[in-house]
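Sequence and predicted structure below; questions after.
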Amino acid sequence: MDSNVVQVNQRRSAGYLPTVWDPEFIKSFSLPYMYESDGTRLEELKQTAKRLFTAVNEPEEKLDLINTIQRLGVAKHFAKEIQEVLDHVHPYIVNDLYTVALQFRLLRQNGFSINSDVFNKFMDSDGKFKDSLGEDVAGLLCLYEASYLGLHGEDVLEEANKFITKHLELAMEKLGKELAEQVKESLQVPLYWRLPRMEARNFVNIYQRDSKRNLDLLQLAKLDFNLLLSVYVKELKELAEQDISLFKI
């Protein structure tokens, strides 16, 4: 072979399937939501929801409200209110597992410093979590979610994760359908690992079945989600119209 000739090997096909995203199909997408027509209603719901921060007084209630707002995907509308609550609730020390774990997770998620030794009160002298906690499913689930915000070397949270996984798996058969589904989902994909938009979509279904739900907050979450979805659809349609070849393989 001539030394000046470079042999080029043909690249093997990866065997990808053709895309299912037909450009004409994308162009047919239509959603009856627009900021131009629904923006006023969105603002009204936001103002109504903001009043919830002054309507609840107990720190536990405020933490629950923040947790609900974040999981519904509308926390961006209440950044100031959430910051103010967490600023004041930070030194608040409680004794029930659910509230301690929720406070810990929310503070860490929002950039506050909190030591994992707040969970020491729930442990025996041998460094193991008390077996009596096994009956507190809500508290265990909340601590399980908090354990995924642990830092390297925080043995208490590693111990919590192992302890809770065992007890939640044992409790599954005794739980009601909805709680069992939430526990199963958390054991598969903890809250901290989920995509925020997908979590919001799933949590709306859970929240609207809650007898203590706030209808204005629920409507806000649905409208906010649909408005954002309409923006994504618009951008996708514009992309399809600009260069159909982008969708070809």
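Perfect, thanks for sending it. Only a predicted model underlies this, so the values are computations on that prediction, with no experimental measurement involved.

tell me the pLDDT at residue 17?
According to the prediction, residue 17 has pLDDT 66.

hang on, I meant residue 244
pLDDT for residue 244: 54.

ditto for residue 20
67.

ok, now which ones touch residue 210?
Contacts for residue 210 (CB atoms under 8 Å, 6 or more residues apart in numbering) come out as none. Backbone N, C-alpha and C define where each C-beta goes, glycine included.

So for the helix or strand where residue 38 lies, mean pLDDT?
Element membership for residue 38, per DSSP states H and E: helix 35-50. Helix 35-50 shows a mean pLDDT of 95.

which residues sit against that helix?
With CB under 8 Å, 6+ apart as the test, helix 35-50 has contacts from 69, 74, 77-78, 81, 214, 216-217, 219-220, 223-224, 227.

Report the distance from the helix or strand that that helix is followed by to the chain centre.
Once the chain leaves helix 35-50, the next helix or strand it forms, by DSSP H and E, is helix 52-55. When distances are taken as CA atoms, centre = their mean, to the nearest Å, helix 52-55 is centred 22 Å away from the chain's centroid.

Skip ahead from the helix or strand hosting residue 168 and say which helix or strand is next.
Residue 168 belongs to helix 155-171 when assigned by DSSP H and E. Where DSSP H and E defines the elements, the next helix or strand beyond helix 155-171 is helix 177-188.

Can you show me the CA trace of that next one as PDB?
Only the C-alpha atoms of helix 177-188 are listed here, as PDB (Å, rounded to 0.1, in the frame of the first residue of the first chain):
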ATOM      1  CA  LYS A 177     -52.700   2.900  49.200                       C
ATOM      2  CA  GLU A 178     -51.700   6.500  48.700                       C
ATOM      3  CA  LEU A 179     -49.100   6.600  51.500                       C
ATOM      4  CA  ALA A 180     -47.700   3.200  50.300                       C
ATOM      5  CA  GLU A 181     -47.300   4.600  46.800                       C
ATOM      6  CA  GLN A 182     -45.400   7.600  48.100                       C
ATOM      7  CA  VAL A 183     -43.100   5.400  50.200                       C
ATOM      8  CA  LYS A 184     -42.500   3.100  47.200                       C
ATOM      9  CA  GLU A 185     -41.700   6.100  45.000                       C
ATOM     10  CA  SER A 186     -39.300   7.600  47.500                       C
ATOM     11  CA  LEU A 187     -37.400   4.300  48.000                       C
ATOM     12  CA  GLN A 188     -37.000   4.100  44.200                       C
END
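
residue ranges of the helices in the chain, please?
23-27, 35-50, 52-55, 59-71, 79-89, 97-109, 137-147, 155-171, 177-188, 196-207, 215-242 (DSSP state H).

Can you point out the buried residues in the helix holding residue 168?
By neighbour count on 16 or more other CB atoms under 10 Å, the buried set for helix 155-171 is 156, 157, 159, 160, 161, 163, 164, 167, 168, 171.

which residues sit against it?
Helix 155-171 is contacted from outside by 116-117, 119-120, 123, 127-129, 133-134, 137, 140-141, 143-144, 146-150, 183, 186-187, using CB under 8 Å, 6+ apart.
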